[in-house]
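Q: Provided below are the primary sequence and the corresponding predicted coordinates.
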Amino acid sequence: MPAPTLWNIPNLLTLARVALIPVLVMLAYWPVAFGFQNLLVAGIFLIAAITDWFDGYLARAWNQTSAFGRFLDPVADKLMVAAALVVLVQWHPNVFMVIAAIVIISREITISALREWMAEIGKRANVAVSSIGKWKTTAQMAAITVLLLRDPRLDWPGYILLYVAVGLTLWSMIIYLKAAWPYLKQSD
């Protein structure tokens, strides 16, 4: 079977997820409100979240994994989540939203840096994506989608899901840091 090309369907789905970020932000701040604006913003985020799962599934199922895809997929996820959290901080300007956004974004930066460093020392497999990380992503995507709807009836379920995601975020970060700790505490 020939080697996968750079422009395969999984990579195109990942690129589409990146392209949806400015669309989401522009619609979130569209100067003239229209009746289904929040539904459209939440729908765009949900489509992006689904493509996150779908592109990985297709890449593995069709044997179209690539270095470009392994690089871009987590970047696309982090960019989409960070953009949506920034929107939510403005839409829900309260300490609970701000704390959740700071924890989630800080964890993503920390773990990305940790994975990069672990790769440099040849130990990247020690901090590979775990099942807790997958549950964290699922809770995060569901919470953000619900909160982007801006329906007051869904605020509490959205915040509960968001704080489940925050708990899983911290838990997964601890797991990754614990796995890396033997290497972090070594002196040069």
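A: In hand now; what should we look at? Residues are numbered from 1 along each chain as shown.
Q: which intervals of the chain have sub-threshold pLDDT?
A: Under the criterion of pLDDT under 70, the regions of the chain flagged as low confidence span 1-4, 128, 187-188.
Q: Test my guess that residue 146 contacts residue 158.
A: Yes. A contact is recorded between residue 146 and residue 158 when judged using C-beta atoms under 8 Å, the distance being 3.9 Å. Every residue, glycine included, has its C-beta placed from N, CA and C.
Q: Please name the nearest non-neighbouring residue to the residue nearest the centre of the chain.
A: When the chain is reduced to its mean C-alpha position, the nearest residue by C-alpha atoms, centre = their mean turns out to be residue 77, at 3.7 Å. In space, residue 77 comes closest to residue 52 once its chain neighbours are excluded; the distance is 5.5 Å by C-beta to C-beta, 6 or more residues apart in numbering.
Q: ok, so what distance separates the one you found from residue 101?
A: Spatial separation of residue 52 from residue 101 under the definition C-beta to C-beta, to the nearest Å is 19 Å.
Q: Ok, residue 141 next?
A: For residue 141, the distance to residue 101 under the criterion C-beta to C-beta works out to 15 Å.
Q: This structure: helices as residue ranges?
A: Along the chain, counting by DSSP state H, helices occupy 9-28, 37-61, 67-91, 95-120, 131-148, 155-184.
Q: Alright, calling it a day.
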